[in-house]
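Enquirer: What follows is a predicted structure for the sequence shown.
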Amino acid sequence: MKNLADRIIAYFSPQRAIQRHFYRSKLAKLRLRSDAYAASKTNRMTGAWSATDANVNTILKNSGPTVRNRVRQLVRDFPYFARAVNVMVDYTVGQGILFQSRVDFPDGGLNKRAIQQIEDAFSFWADEADVARKLHYYELMQLAKRQDVETGEFLLVKTQPRNKSAYLPFALQIYEADWLTDLHAQAASPANEVDQGIEYNTATGEIMAYHFSDPDGWGKAQRIPADRVMHHFQTLRPGQLRGISPFVAGVLVAHDLGDYMDTEMDAAKMAAKYLTFVKTPNAYERQYGRVETDTDTDQQIETMENAIIEYLNPGEDIEIASNPRPGSNFPPMVKLVLTMLSVSTGVPYELLSGDYAGMNYSTSRTVRNDFAQQLRPICVRHIRHFCLPTLREFMDMAVLTGRLSLPGYYANPAPWLKSDWQPPGMESIDPLREVKARIDEVSFGLRSPQEIARSRGRDLEEVYREIAAANSLAEELGLDFTQTPATGVHNNPAAITGESEDAEEQDKADRTRRAHLSQLRAVR
């Protein structure tokens, strides 16, 4: 009620609203007790800090369009922001979060026949998943993730393609977040309210429908029921209706860095243009007849050729211009700001900047592990809100149209919907060293081969099939790859990585690791 009253008063009398805010701040100061939080106290250092006290949807409605436009412009014009978006998309989706059916029998074994049938049908439909027939299903997935990073949300509408030759009467159409509108949007029920183009039930918060305008913002809004729309964003506060770019905290930092770099480079270019300064008591006589005129700017220019001896008039002197730009503080300042941008975007500094100087195995492994830990919930969120809803709709349509024959599907679809979605993995930094550790972990039962394959973005069954096919081909051609080279490099990761550890230190480390694993096994 207080916020509503403030908004009403501000609409009719902005001056009165400012007075109310001023006196409320004074009253808050009087009510502060000695045991109050330090963060809530008002003093000469924080007196001008007036934090916004508004509903999350009001903040998003007022700030969302501006943030979207600024992030998009930074992605277009600022290389580091474009790099941050590409890294997040490549490491969370990559070539696609791969679908794998996992239908099993009641006794627990995999139903390979049903799995093959479902995966073949899904692969066929994936080529036609885009209603415009331009993008593959996995490319739609990439585009949705890019929208999620840039605008903070993605929108897909489930449609029926007009092409009668389509494999299934089901396709996806991706929408821009800007197409959601309140203009000419009316709720279908008095119990509902439309906010930022989203119609929801005011009592429960349930989303009932979405109101879209055409891309140019003209014409009557189109109401689409919520069950036909896939709308996802990261929910940060209860009751939130729209998303905000996860890069929002780095927008001003990136803009300031871009301005700083442009200013420094412009200054360096201007300083580089001035080679010498001629000191003369009569500038007019010196320049007259000895200078050229730039036809574009109509300015006089005096040039100096190589290996020319210039005889000066009495009183004249030549001073070579110095060019101190960029200054010595430029590189560390850029690195500091890029570090701040790395924190705000969640992309490691090395990946964001392309600066790998000073890295070794330990730091590389730490950076990779931290980044992998950060990506896990992001990948899971994309699977839950993009992959699984599309899979359910695909299965319903495939069974309904007879493309799939799954007994008892409509009575209990859960057994037929079991699936794995494999995000892109990361290759080893030091394969020899890490493979040895993985072998020990598998030998002592601390890690499964499936987990190791998933960490590299692969399916263990697919890997084993490729190995079997390779062995069969080698046997057919009479080739033998079982011999192991007995070289120092083979048993010495330090010789490969270039670090200071020698073979004896590595062997000692291997023995220590095996002893620890033995102790863990004994505990188990």
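Expert: The structure has been received and is ready for your questions. Numbers count the residues shown, from 1 in each chain.
Enquirer: Identify the residues contacting stretch 457-475?
Expert: Stretch 457-475 is contacted by residues 94, 98, 100, 420, 422-426, 449-450, 453-454, 480-481 when judged by CB atoms under 8 Å, 6 or more residues apart in numbering. No exception for glycine: its C-beta is placed from N, CA and C like everyone else's.
Enquirer: Check what pLDDT the spatially most central residue of the chain gets.
Expert: By CA atoms, centre = their mean, the mean C-alpha position of the chain lies nearest to residue 88, the distance being 3.0 Å. On pLDDT, residue 88 comes in at 94.
Enquirer: what do you get for the one 3 residues further on?
Expert: pLDDT for residue 91: 93.
Enquirer: Moving along the chain from the one helix or strand it maps to, name the first helix or strand you hit.
Expert: For residue 91, the host element (DSSP states H and E) is helix 79-92. The helix or strand immediately downstream of helix 79-92 is strand 98-101, counting by DSSP H and E.
Enquirer: What pairs with that following strand, parallel or antiparallel?
Expert: Strand 98-101 sits in its sheet next to strand 419-422 (antiparallel), going by DSSP bridges.
Enquirer: Residue 136: neighbouring residues, count only.
Expert: Neighbour count for residue 136, taken as other CB atoms under 10 Å: 15.
Enquirer: Quick check: the gap between it and residue 347.
Expert: Applying CB to CB, to the nearest Å, the value for residue 136 to residue 347 is 26 Å.
Enquirer: cool, residue 477 as well?
Expert: According to CB to CB, residue 477 and residue 347 sit 45 Å apart.
Enquirer: more neighbours, those two?
Expert: Taking other CB under 10 Å, residue 477 and residue 347 do not tie; residue 347 has more neighbours (24 against 7).
Enquirer: The more buried one and residue 68, how far apart?
Expert: Distance from residue 347 to residue 68, counting by CB to CB: 20 Å.
Enquirer: again, but for residue 182
Expert: 16 Å.
Enquirer: same question, residue 366
Expert: Between residue 366 and residue 68 the distance is 34 Å, computed by CB to CB.
Enquirer: neighbour-wise, which of these two wins?
Expert: Counted by other CB under 10 Å, residue 366 and residue 68 do not tie: residue 68 has more neighbours, with 21 against 12.
Enquirer: Would you agree the more buried one is in contact with residue 177?
Expert: Yes: with contact defined as CB atoms under 8 Å, residue 68 counts as touching residue 177 (6.7 Å).
Enquirer: shared neighbours, these two?
Expert: Shared contacts of residue 68 and residue 177 (CB under 8 Å, 6+ apart): 151-152.
Enquirer: Could I get the buried residue list for the helix or strand containing residue 193?
Expert: Element membership of residue 193, judged by DSSP H and E, is strand 192-195. For strand 192-195, the neighbour count (16 or more other CB atoms under 10 Å) marks 192, 194-195 as buried.
Enquirer: which one among the residues you listed gets closest to residue 396?
Expert: Nearest to residue 396 among the buried residues of strand 192-195: residue 192, at 26.8 Å, using CB to CB.
Enquirer: ok, the closest one - contacts?
Expert: Residues near residue 192 by CB under 8 Å, 6+ apart: 199-202, 208.
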